[in-house]
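Undergrad: With the sequence up front, the predicted model follows.
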Amino acid sequence: MLHGSFWMISLRWTIRLVGLVSTIILARLLTPSDFGIVAMAMIVVGMLEVLSYTGQKLAIIRLEKPTRDDYDTAWTISMLVGLVIGVCILAIAPFTKIYFHEPRAVAVMQCLALRAVMGGMENIGIVDFRRDIRFDRFFLYNAIPKATSFFVTIGLAWYLRNYWALVAGMLTGQFTGVVLSYVMHPYRPRFSLAKVSTILSFSTWTLIRSIGVYLNTQVDQIVIGGISGAASMGRYAVASDVATSPSREVNDPLVAVLYPVMAKLQGNLAELQTLYLRALAWSGIICTSASVGVALVAPEMVSLVLGSKWLDVVPLMGWLAISAGLLGLSSGAYTLFDVLNKPRIGARMQWVRLIMLAAAIVPVGILTHSLVAIAMTQLAVTAVFMPTLFFAAGRQIDLSARHYVAALWRPFAAAAIMALVVRLADMALPLESFAKLAFDISVGASTYVSSLLLLWTISGRPPTAERDIVGILQNGWVRAMQLRSGPGRIHGG
């Protein structure tokens with residue numbers, strides 16, 4: 001799982017590095033309103049595109065020996081859904097200006113209808129990259145379209161200086177991905193509905209969950225778009241992206257690899273328990289260190305990454321980062337539900353959280369018109385929701401609260417120690433700008449790792465994620481020494 005995670009994390013970091021560089025450049029070429037217009041269009045487009053997340057690929061990964069009919073049926077469903085979504089986007093686009101009061105978003109939506117159609121044409125054969133845990137191929141398949149999109153977006157942003165550069169970049173990336181799917185995999189799908197009942201029996205609940213997932217990520221922006229306009233929405237969208245990326249872009253690849261590995265163990269309860277808890281501990285380490293780290297360095301991070309015109313998003317960063325960190329701990333639970341062929345539980349939990357978010361954020365947004373208050377509300381709802389999700393997952397594989405505490409208390413304690421040390425260090429040695437950012441990152445990282453390993457040692461060195469970290473560090477040290485001494489041995493010989 002960790003080997004596959006290396007490729008998935010490399011993929012996400014490559015994509016996010018490209019995205020970060022793109023955001024830094026675009027933030028200086030475009031205005032918050034440009035980002036807001038595209039964000040408004042993408043809320044509606046994404047809400048319809050989520051209908052394509054019907055779980056066909058997950059259903060094939062779960063099957064021990066999928067047939068050609070399984071692959072062809074999954075592709076046919078994807079193609080038909082893509083066409084329907086494209087038509088729906090075109091039909092709905094003219095009505096969106098009634099809510100957002102932004103007529104420019106209508107034309108953007110109409111262009112992005114083509115993206116939905118192209119997405120449905122993707123070669124189903126590439127699911128084998130995940131099924132066979134060939135994440136090196138998966139890396140190339142996803143990285144190349146992102147790089148293509150980057151160059152098109154930046155070039156057009158420099159030339160046009162408006163939001164159409166963002167639209168063109170998205171369309172180019174999607175087109176490149178479809179073409180590449182047929183270049184990289186020899187499978188050639190055919191129209192078939194032979195296994196539609198088998199595919200849909202699993203994917204219907206996956207679709208319901210996917211809709212809930214999407215609405216959970218967008219409910220705050222939907223409220224902001226309705227009460228505050230394009231500029232505020234653009235600020236909130238960019239702040240959310242920057243604040244949540246450090247934890248999300250490491251944790252999500254780990255969870256993506258978890259599914260095919262868990263699928264091979266679905267008949268072994270003891271192994272599933274061990275793997276789920278080990279993955280949860282890894283998520284705890286990633287999410288607590290990254291989210292608390294972002295909260296600590298938010299002012300300098302925004303100033304250096306986005307520029308001075310974005311400084312008003314700093315108060316949002318900490319709340320959004322911590323909320324994303326807590327939510328990252330939930331990912332493995334939904335994977336567990338799918339592996340156990342109980343996607344209905346994951347769907348129900350997503351909709352429970354959506355109802356909680358909507359019930360809290362809508363009145364807060366209407367009454368306060370405050371982006372900070374909305375971000376704080378999101379964090380509060382997430383904190384209340386997480387124990388419920390852990391309980392639901394624990395019931396499936398006989399886990400108690402004690403198991404969760406054992407997996408997560410050290411990462412949380414190490415994050416608290418890191419926050420305290422960084423704040424005290426800043427008081428003792430006041431710095432500014434890049435020097436402060438570099439100092440806080442180095443102090444925070446070293447404090448977190450040392451605190452985590454010290455707490456693990458005090459706990460008796462249990463077989464948890466910390467043991468994996470020690471093993472990785474030891475192997476890295478051995479290899480470094482071998483490389484260092486290699487030339488000397490050759491010379492001596």
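TA: Here it is on my side, so go on.
Undergrad: all helices for the stretch 301-450 of the chain, in order.
TA: 314-328, 331-339, 343-368, 371-397, 401-428, 433-458 (DSSP state H, counting those that start in this stretch).
Undergrad: tell me the mean pLDDT over the second one?
TA: It refers to helix 331-339. For helix 331-339, mean pLDDT rounds to 84.
Undergrad: cool, the fifth one as well?
TA: Within the predicted structure, the mean pLDDT of helix 401-428 is 93.
Undergrad: Direction-wise, compare it with helix 314-328 and give the angle.
TA: 160 degrees (axes from the mean of the first three to the mean of the last three CA atoms, to 10 degrees).
Undergrad: of the helices of the stretch 301-450 of the chain, which approaches residue 27 most closely?
TA: helix 314-328 (14.4 Å; CB to CB). Just so you know, the C-beta spots here come from the backbone N, C-alpha and C atoms, and that holds for glycine as well.
Undergrad: what bits of the stretch 51-200 of the chain have low per-residue confidence?
TA: 51-55, 133 (pLDDT under 70).
Undergrad: can you give me the helices in it?
TA: Under DSSP H, counting those that start in this stretch, the stretch 51-200 of the chain gives helices at 56-62, 68-92, 97-100, 104-120, 127-131, 135-160, 164-184, 196-263.
Undergrad: Just send the ones you listed back as a markdown table, with mean neighbour count and distance to residue 285 too.
TA: Shown next, in a markdown table, are the helices of the stretch 51-200 of the chain (neighbours: other CB atoms under 10 Å; distance: least, CB to CB, whole Å):
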| stretch | mean neighbour count | distance to residue 285 |
| --- | --- | --- |
| helix 56-62 | 22 | 26 |
| helix 68-92 | 19 | 35 |
| helix 97-100 | 15 | 40 |
| helix 104-120 | 20 | 34 |
| helix 127-131 | 20 | 24 |
| helix 135-160 | 18 | 21 |
| helix 164-184 | 19 | 31 |
| helix 196-263 | 21 | 9 |
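Undergrad: Of all those helices, which one is nearest residue 413?
TA: Nearest to residue 413, of all the helices of the stretch 51-200 of the chain, is helix 196-263, at 17.5 Å by CB to CB.
Undergrad: So which of the helices of the stretch 301-450 of the chain is nearest residue 49?
TA: For those, the distance to residue 49 is smallest for helix 343-368, at 16.8 Å, taking CB to CB.
Undergrad: List the buried residues in that closest one.
TA: For helix 343-368, a neighbour-count test (16 or more other CB atoms under 10 Å) marks 343, 345-351, 353-354, 356-358, 360-362, 364-365 as buried.
Undergrad: re the thing from before, of the helices of the stretch 301-450 of the chain, which shows the lowest average pLDDT?
TA: Lowest mean pLDDT of the helices of the stretch 301-450 of the chain: helix 331-339, a mean of 84.
Undergrad: quick one: that one to chain centroid distance?
TA: 15 Å (CA atoms, centre = their mean, to the nearest Å).
Undergrad: Tabulate the CA atom coordinates of it in PDB.
TA: These are the backbone C-alpha positions of helix 331-339, laid out as PDB (Å, rounded to 0.1, in the frame of the first residue of the first chain):
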ATOM      1  CA  SER A 331     -11.800   8.900   4.100                       C
ATOM      2  CA  GLY A 332     -10.800   5.400   5.100                       C
ATOM      3  CA  ALA A 333     -14.200   4.800   6.600                       C
ATOM      4  CA  TYR A 334     -16.000   5.300   3.200                       C
ATOM      5  CA  THR A 335     -13.400   3.000   1.600                       C
ATOM      6  CA  LEU A 336     -14.200   0.400   4.200                       C
ATOM      7  CA  PHE A 337     -18.000   0.600   3.500                       C
ATOM      8  CA  ASP A 338     -17.400   0.100  -0.200                       C
ATOM      9  CA  VAL A 339     -15.000  -2.900   0.300                       C
END
